[in-house]
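Visitor: What follows is a protein structure lacking sequence information:
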């Protein structure tokens, strides 16, 4: 609202030489004693043109103006009258307040738009089924889709876009396994993309008949060596780990369907197994906060560089 004595206008009090008014409006109450107008109070010294500019004759309390076009509230609020806001740029400069929740139905500047919501980071997991790696995540209702990235090392700089999923209801990515693979997922909303999810991945070990080394670089879902053997029934009869303190391999042995000297299996552990027939083992899950450490001893050592 604006009030004064003389030359009082809802937008301009005195419109004078060298100035122009275009694509503007006023809706506030205007009061004064002389030269009062809904949009412009007074014209002086040959002013420039006033075009496509309006004032609200109802809310201003002014039926006249030195320049501009008077309109009612119904004409100035959405849906706009065809004779109002003529030739205004509603693509780049102005926004039509269709819902009336930003500027009470009146046009407003593009910069007044509320910032778009930040896309959420997906919560990701992984499983292995029939030699397929299945990366899964929670559905995010406020996203337009997801992007899945892959690499052969968790610290790689050459992550590759594996899938651009333009459907927020699709919440998995499936591909055939190789020796190892790591994944991270983002969601996107319009042109905005979220941060990367936690990294998930797997390593694949194709055990042959006889002795094999394998590692558990991801947190295992098993507690004991016998639990590991139960994943592959009838396929192994010995499992060992390197006992650092005793400097020997400590063996769990299958005797009459019981595992003698069973031991706890830990993340990052290197196991030696005696396989009775070939099988494939996957270690998979979320990337641990720290990589496993493999102590070396005097003499010969078997070192598995499973994450590189």
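Guide: Received, thanks. Given the structure is predicted, the values throughout are model-derived calculations rather than measurements.

Visitor: where exactly do the helices run in the chain?
Guide: 73-76, 225-230 (DSSP state H).

Visitor: same for the shortest one, what does it pack against?
Guide: In terms of contacts (3 or more Cβ pairs under 8 Å, 6 or more residues apart in numbering; DSSP states H and E), helix 73-76 is packed against strand 50-56. For glycine as for every other residue, the C-beta is placed from the backbone atoms N, C-alpha and C.

Visitor: Can you give me the buried ones in the strand it packs on?
Guide: Neighbour counts over strand 50-56 (16 or more other Cβ atoms under 10 Å) mark 50, 52, 53, 54, 55, 56 as buried.

Visitor: okay if I get those as CSV plus pLDDT?
Guide: What follows is those, written out as CSV (pLDDT from 0 to 100):
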residue, pLDDT
50, 95
52, 97
53, 97
54, 98
55, 97
56, 98
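
Visitor: and which of these is nearest residue 210?
Guide: Using Cβ to Cβ, residue 52 is the member of the buried residues of strand 50-56 that lies nearest residue 210, at 86.9 Å.

Visitor: what residues are up against that closest one?
Guide: 22, 23, 24, 85, 86, 87, 88 (Cβ atoms under 8 Å, 6 or more residues apart in numbering).

Visitor: tally of neighbours for the second one?
Guide: Here the count is done by other Cβ atoms under 10 Å, and residue 23 has 16 residues near it.

Visitor: Check the contact between it and residue 86; I expect there is one.
Guide: No: the pair residue 23 and residue 86 fails to qualify as a contact (Cβ atoms under 8 Å) at a distance of 9.1 Å.

Visitor: residues near residue 269, how many?
Guide: 18.

Visitor: And it, how close does it get to residue 224?
Guide: Here residue 269 is placed at a distance of 12 Å from residue 224 (Cβ to Cβ, to the nearest Å).
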